[in-house]
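>>> No sequence on hand, only this structure:
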């Protein structure tokens with residue numbers, strides 16, 4: 001009877017320890033995500049109103065001119081947004097971005113990259129990247145073509161760490177509508 005009591009106590013201790021470790025890890029993931037959300041909003045705060053409105057999407061000559069000749073500060077902020085997005089995808093591959101968060105971020109990044117003036121700056125960024133003057137943007141190149149792209153884990157164990165053990169579900173792969 002004492003042996004059974006000891007086994008139950010040890011199992012309960014292992015379960016409690018595992019739960020505590022998982023909760024700490026989940027908290028760290030949320031902290032990483034919060035930092036990147038704050039960086040995202042600080043970059044959006046740097047954009048001009050025409051850039052936020054998607055200058056050039058209206059079809060009139062004034063909008064097209066504004067999109068073609070976006071301000072340097074807008075171009076800088078957009079390029080920093082691309083770097084931030086690539087960092088987010090790298091963190092996803094390392095297991096530091098949850099399924100739920102990547103389901104929102106991945107589709108939103110894809111949609112944002114296709115909006116003016118982001119699409120124009122993305123084309124310029126790709127030219128610089130191909131010439132070796134900027135990041136490689138491995139993940140964003142894939143996201144440009146596929147809104148459902150999910151960076152593969154860098155290590156096999158990372159695939160298990162991405163998800164909570166009680167919620168192994170597919171990420172919502174729909175691309176959000178940008179208005």
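Ah, there it is. Since the structure is predicted, the reported quantities are computational estimates derived from the model, not experimental observations.
>>> what's the next secondary structure element after the least confident helix or strand in the chain by mean pLDDT?
Lowest by mean pLDDT, DSSP states H and E among the helices and strands of the chain is helix 61-68, with a mean of 50. For helix 61-68, the following helix or strand on the C-terminal side (DSSP states H and E) is helix 72-93.
>>> Can you work out which other helices and strands pack against that following helix?
If you count contacts as 3 or more CB pairs under 8 Å, 6 or more residues apart in numbering; DSSP states H and E, helix 72-93 packs onto helix 2-45, helix 49-53, helix 99-113, helix 118-130, helix 138-145. Where you see a C-beta, it was placed from the backbone N, CA and C, and this is true even at glycine.
>>> Mind listing residues that contact the last one?
The one in question is helix 138-145. For helix 138-145, the surrounding residues in contact (CB atoms under 8 Å, 6 or more residues apart in numbering) are 82, 85-86, 89-90, 93, 106, 109-110, 113-114, 122, 126, 149, 151.
>>> and which of these is nearest residue 31?
Nearest to residue 31 out of those is residue 90 (CB to CB; 16.7 Å).
>>> what's the pLDDT at the residue lying closest to that closest one once chain neighbours are set aside?
Spatial nearest neighbour of residue 90, chain neighbours left out: residue 139 (6.8 Å); criterion: CB to CB, 6 or more residues apart in numbering. We have a pLDDT of 96 for residue 139.
>>> How many residues are close by residue 139?
Neighbour count of residue 139, defined by other CB atoms under 10 Å: 23.
>>> could you measure it against residue 48, distance?
27 Å (CB to CB, to the nearest Å).
>>> Residue 8 now?
Distance, residue 8 to residue 48, by CB to CB: 64 Å.
>>> Who has more neighbours out of these two?
The neighbour comparison of residue 8 against residue 48 (other CB under 10 Å) goes to residue 48, with 15 against 10.
>>> is it true that that one touches residue 73?
Yes: if you go by CB atoms under 8 Å, residue 48 and residue 73 touch, sitting 7.2 Å apart.
>>> From the centre of this structure, give me the residue that's furthest out.
Most distant from the centre of the chain: residue 1, at 53.0 Å, with distances by CA atoms, centre = their mean.
>>> What count of nearby residues applies to residue 2?
By other CB under 10 Å, the residues close to residue 2 number 6.
>>> what about residue 148, which helix or strand?
Using DSSP H and E, no helix or strand contains residue 148.
>>> That one - how many residues pack around it?
14.
>>> next one: the one 4 residues further on
Residue 152: 10 surrounding residues under other CB under 10 Å.
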